[in-house]
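*Asks:* Got a predicted structure here, sequence first:
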Amino acid sequence: MSARQVALPMYLSAPGAVQDLWTSLRQAWGAQGLQGLPQAVLWPQDLHAHWLAQDLLLSQTCGYPLTHGLQGKVQLVGGFHYAAPGCEGMACRSALIARDEHAHLKLEDFRERRVAFNSVDSQSGYNALRALVAPLARHGRFFSQTLATGGHRLSVDAVREGRADLAAIDCVTWALLQKYAPQATQGLQAIGFSAPYPGLPLITALRTPPDQLQALRAGLQSLMTMPAAASALAQLRISGFETPDLAVYQRCIDMERSAINSGYQHLA
């Protein structure tokens, strides 16, 4: 049997911890009778193609893609709890990142300044920020310029380097960057947080049968208490696992609709 795809692609700041976590999770799933497990996790370049792969066993996506481009095309496995500022259980917030020189400013003070975001289909970097800015917008505009960077780390770089003044970074990514890439966060700080939303969903292929889905969830739950996994879990700020109903991600749709209904369709 050929190995199926496994990735935890949102932990770019700590790849070693991801591989260590996979070593333990592989053991946990083996104990559940799962076969065709790869030796190492993938680091896919084309995330959307990866998420839609028919041989996908486990990956991590974002709430907005889950409720939009991936709707009805993948299965929700569950989600991690995180121990990072801005997180509570599975709920996460986006940290509003600015340079130290702007530490005294509030969100409304960034009117006519520049914003960076990772992609328009990002819950943390775009959708949550759009919902937060919408009440402040005038005639559909708030910022003087928007910069699409392609990744949270690149958005952080843009703010630090002065090419943008503000970016919304999910609180787990921000905490990991502060720990594992402190040079990237030097001279930056969080000046606020977005409203909460459900954290990164773990997904599997639509064709994964019910018994394997149950085994995936059981293995992830047992991972939380495995001594061998404790260090990697702590490094990644993972503190628990749960299997929520897909309906909790309606929050992402509600944030989008609230902004659009107020006349703020795009970050602008």
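*Replies:* All right, it came through fine. Residues are numbered from 1 along each chain as shown.

*Asks:* Grab the longest strand from this structure for me.
*Replies:* For the chain, the strand with the greatest residue count under DSSP state E is strand 74-82.

*Asks:* Return the distance of the nearest residue to residue 208 once chain neighbours are set aside relative to residue 37.
*Replies:* Of all residues not flanking residue 208 in the chain, residue 75 sits nearest, at 6.1 Å (Cβ to Cβ, 6 or more residues apart in numbering). Using the backbone N, CA and C atoms, a C-beta is placed for each residue, glycine as well. For residue 75, the distance to residue 37 under the criterion Cβ to Cβ, to the nearest Å works out to 18 Å.

*Asks:* more crowded one of the two?
*Replies:* Neighbours around residue 75 and residue 37, counted as other Cβ atoms under 10 Å, are more numerous at residue 75. The numbers are 20 against 17.

*Asks:* Tell me the pLDDT of the more buried one.
*Replies:* At residue 75 the predicted local distance difference test score is 98.

*Asks:* Please name the bridge partners of it.
*Replies:* residue 204 (DSSP bridges).

*Asks:* how about it, what does it touch?
*Replies:* Applying Cβ atoms under 8 Å, 6 or more residues apart in numbering, one finds that residue 75 lies in contact with 203-206, 208, 213.

*Asks:* ok, those residues vs residue 49, which is closest?
*Replies:* Minimum separation from residue 49 among those (Cβ to Cβ) is found for residue 205, which lies at 12.7 Å.

*Asks:* how far away is that closest one from residue 25?
*Replies:* 17 Å.

*Asks:* Against residue 100, how distant is residue 217?
*Replies:* Summarising the geometry, the distance separating residue 217 from residue 100, computed by Cβ to Cβ, is 43 Å.

*Asks:* Pick out whichever of these two has more residues nearby.
*Replies:* Neighbours of residue 217 and residue 100, each counted by other Cβ under 10 Å, are more numerous for residue 217; the result is 18 against 11.

*Asks:* Assess the claim that the more buried one and residue 58 are in contact.
*Replies:* No - with contact taken as Cβ atoms under 8 Å, residue 217 and residue 58 are classed as non-touching, separated by 10.5 Å.

*Asks:* Which neighbours do these two have in common?
*Replies:* Common contacts of residue 217 and residue 58 (Cβ under 8 Å, 6+ apart): residue 77.

*Asks:* for residue 173, what are its contacts?
*Replies:* When the contact criterion is Cβ under 8 Å, 6+ apart, the partners of residue 173 are 10, 13, 124, 152-153.

*Asks:* Pull the most distant pair out of those residues.
*Replies:* Pairwise distances among the contacts of residue 173 were taken by Cβ to Cβ; the largest, 14.5 Å, belongs to 13 and 124.

*Asks:* neighbour-wise, which of the two wins?
*Replies:* For residue 13 and residue 124, the more surrounded residue by other Cβ under 10 Å is residue 124, and the numbers stand at 29 against 22.

*Asks:* three-state assignment of the more buried one?
*Replies:* Secondary structure of residue 124, reduced to three states by DSSP: H, G, I helix; E, B strand; the rest coil: helix.

*Asks:* if I read this right, it contacts residue 168, doesn't it?
*Replies:* Yes - shown here, residue 124 and residue 168 form a contact pair, counting by Cβ under 8 Å, at 6.3 Å.

*Asks:* Find residues that contact each of these two.
*Replies:* Residues touching both residue 124 and residue 168 (Cβ under 8 Å, 6+ apart) are 94, 194.

*Asks:* That'll do, ta.
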